[in-house]
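Engineer: what's the 3D shape of this:
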Amino acid sequence: MGKGNPNEKLPRGFLLAWTSRGLSLAVNVVLLMQITFYATDVVGLSAGMVGTIFLLSKLFDGVTDLFMGYIIDRTRTRWGKARPYELFIVPLWLFTILLFSTPELGTMGKAVYIFVFYTLVNSVCATALVGSEGVLLARSLRYDIQRGKVLAGSGVLIMIFAAVGSMILPQLMATWGTQPGGWTKIGIVYAIPLAIIGLFRFIFVKELDVEQAEKEKKLGFKESLQALLQNKYIFIFAIVFLLANLVINMSTIVGTYYFSYIIGNVGLLSLVGMVGLLAPFILLFFPLAMRTIGGLNFVRVGLVVAIIGNLMKYFGGANVGIIVAGQALHGIGSSFITMMGGVYVVQCMEYGEWKTGKRVEGFTNAVTSFCSKVGSGLASAGVGILMGLAGYSSLAATQSASAITAIRALYTLVPAGICLLMLIVLHFYDLEKLMPQIKKDLQERRANAAQ
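Structural biologist: Have a look, this model is predicted:
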């Protein structure tokens, strides 16, 4: 489980197999980022009601994430500990189609319908997928350098694929979005191929030492929670992860409104996706950064770039070129921590084992899973509530000055402030420099235990 040989190669085909489910989930997230727009401008719910729906839905996530973490820690199957939960990609896409197929049930009926299926997608299916990902990463590869390579490579492919999905979606919205049943068609177009692709990780990525893992002690809920609470680094990292998901999702959600009401052409939003195709290749430098300046310094540089990009957008106004360039810089810089987060989750797992003598994997990963979804949920809820307070109305042909001001701030200054806050919180995460000694100590303990 140590750092290992920097030249350690990945198993043949591992990168593509690992990336497959990430591609599927990433595009699902791209589609779900339009749920606020869909619920207000297509279904006809008020922005305030939509924000409240998503905020209430997130109340379930705290319970489901911890519950799923506990289940994963106690799972023992012939497939392994985390691998079986990859199968949740299929119901995730099924529920997504149903979410974007809201029937005529009256205002309250439509609100309840969206709440139920949004919760099924996020609090059940996404919880199982994201909650088991760090555990599967830790159990399918032995070395940090391998994990860094696979996360960097998959991050490039995922961001490119998601960018393509983002480019196609505005065109589908413009073509089908206003037609009866149009959003159901959009959901099906994405769901069928991506559900199939998403199963490849389950089929081809196998956990190591499954027989040995089946003999591991199953920790009780209280014992796992006590060990987790002694792990300060997972909570520091979780705050950063929450803020990262908040800022990424907020920018994407508000981007639709910005291009609709300030640029005046939502179709031009595809340009953001086109420029975004260039951004992921910078992630390929992450393994090099891990060996030289350190992975976290790489993340910090990215956040500074994101702040610059958001300030460009603020001063760019309705200039499409400046807005697209600024959003590209924002997308590059703010995504590093989410793309490479698996490395730091595994570090936190190993720190917890080193400190307490108990390896808590599912619970540790559940904290970041929870924060990831809370961040995206707060983005959807916050945008809806704040725009509602600012006087936004989906029925108005022209938005009020206060609504336009809110859209501008949520797309530019607010993301810049959140990125600055992330830089401040990262100052307290000094685990990376402690890892060589922690890994050495753990290897010695395991060797002694095996004798």
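
Engineer: For residue 130, which non-adjacent residue is spatially closest?
Structural biologist: Nearest residue to residue 130 in three dimensions, chain neighbours excluded: residue 369, at 4.3 Å (C-beta to C-beta, 6 or more residues apart in numbering). C-beta here means a position set from N, CA and C on the backbone, and glycine is covered the same way.

Engineer: show me what contacts residue 32?
Structural biologist: Counting by C-beta atoms under 8 Å, 6 or more residues apart in numbering, residue 32 makes contact with 96, 121-122, 376.

Engineer: roughly how far apart are it and residue 95?
Structural biologist: 11 Å (C-beta to C-beta, to the nearest Å).

Engineer: closest to residue 238 among the contacts of residue 32?
Structural biologist: Nearest to residue 238 out of these is residue 376 (C-beta to C-beta; 14.2 Å).

Engineer: before we move on, which element is the closest one in?
Structural biologist: helix 362-389 (DSSP states H and E).

Engineer: for that helix, which positions count as buried?
Structural biologist: For helix 362-389, burial by neighbour count (16 or more other C-beta atoms under 10 Å) applies to 362-388.

Engineer: Also stretch 401-419?
Structural biologist: 403-404, 406-412, 414-416, 418-419.

Engineer: Out of these, which comes closest to residue 231?
Structural biologist: Nearest to residue 231 among those, with distances taken as C-beta to C-beta, is residue 418, at 24.6 Å.

Engineer: Pull the number of nearby residues for the nearest residue to the closest one once chain neighbours are set aside.
Structural biologist: Nearest in space to residue 418, with sequence neighbours left out and distances taken as C-beta to C-beta, 6+ apart, is residue 247 at 4.3 Å. By other C-beta atoms under 10 Å, the residues close to residue 247 number 27.

Engineer: In the stretch 251-400 of the chain, where is pLDDT below threshold?
Structural biologist: For the stretch 251-400 of the chain, the stretches with pLDDT under 70 are 273, 276-280, 283.

Engineer: secondary structure class for residue 360?
Structural biologist: Assigned by DSSP: H, G, I helix; E, B strand; the rest coil, the conformation of residue 360 is coil.

Engineer: From residue 140, how far off is residue 17?
Structural biologist: Taken as C-beta to C-beta, the span from residue 17 to residue 140 is 10 Å.

Engineer: and for those two, which residues touch both?
Structural biologist: Joint contacts of residue 17 and residue 140 (C-beta under 8 Å, 6+ apart) are residue 205.

Engineer: Which is the succeeding secondary structure element to the helix ranked longest in the chain?
Structural biologist: In the chain, assigned by DSSP state H, the helix with the most residues is helix 144-176. As assigned by DSSP H and E, the chain's next helix or strand after helix 144-176 is helix 182-198.

Engineer: Residue 46 and residue 350: what is the separation?
Structural biologist: Residue 46 is 47 Å from residue 350, by C-beta to C-beta.

Engineer: Correct me if wrong: residue 42 contacts residue 184.
Structural biologist: No. Using C-beta atoms under 8 Å, residue 42 is not in contact with residue 184, being 11.1 Å away.

Engineer: what separates residue 135 from residue 305, distance-wise?
Structural biologist: In terms of C-beta to C-beta, residue 135 sits 31 Å off from residue 305.

Engineer: who's more crowded, the two?
Structural biologist: Neighbour count, other C-beta under 10 Å: between residue 135 and residue 305, residue 135 has more, with 27 against 20.

Engineer: Over the strand or helix carrying that one, what's the mean pLDDT, rounded is fine.
Structural biologist: Using DSSP H and E, the element containing residue 135 is helix 127-140. Here helix 127-140 scores 86 as its mean pLDDT.

Engineer: Return the list of helices and strands in contact with it.
Structural biologist: helix 14-32, helix 59-73, helix 144-176, helix 341-356, helix 362-389 (3 or more C-beta pairs under 8 Å, 6 or more residues apart in numbering; DSSP states H and E).

Engineer: quick one: which of those helices is nearest residue 104?
Structural biologist: Nearest to residue 104 among the helices and strands packed on helix 127-140 is helix 144-176 (18.3 Å), distances taken as C-beta to C-beta.

Engineer: Quick check on residue 80: phi, psi?
Structural biologist: phi 120, psi -160 (degrees, to the nearest 10).

Engineer: which ones are touching the nearest residue to it once chain neighbours are set aside?
Structural biologist: Leaving out its chain neighbours, the residue that sits closest to residue 80 by C-beta to C-beta, 6+ apart is residue 207, at 3.3 Å. When contacts are counted by C-beta under 8 Å, 6+ apart, residue 207 touches 79-83, 136, 139-140, 213.

Engineer: how close does the closest residue to residue 356 other than its chain neighbours get to residue 63?
Structural biologist: Of all residues not flanking residue 356 in the chain, residue 227 sits nearest, at 4.5 Å (C-beta to C-beta, 6+ apart). For residue 227, the distance to residue 63 (C-beta to C-beta) stands at 20 Å.

Engineer: quick one: which of these two has more around it?
Structural biologist: Set side by side, residue 227 and residue 63 show more neighbours around residue 227, with 20 against 12, by other C-beta under 10 Å.

Engineer: hang on, the more buried one packs against residue 358?
Structural biologist: Yes. Under the criterion of C-beta under 8 Å, residue 227 makes contact with residue 358 at 4.5 Å.
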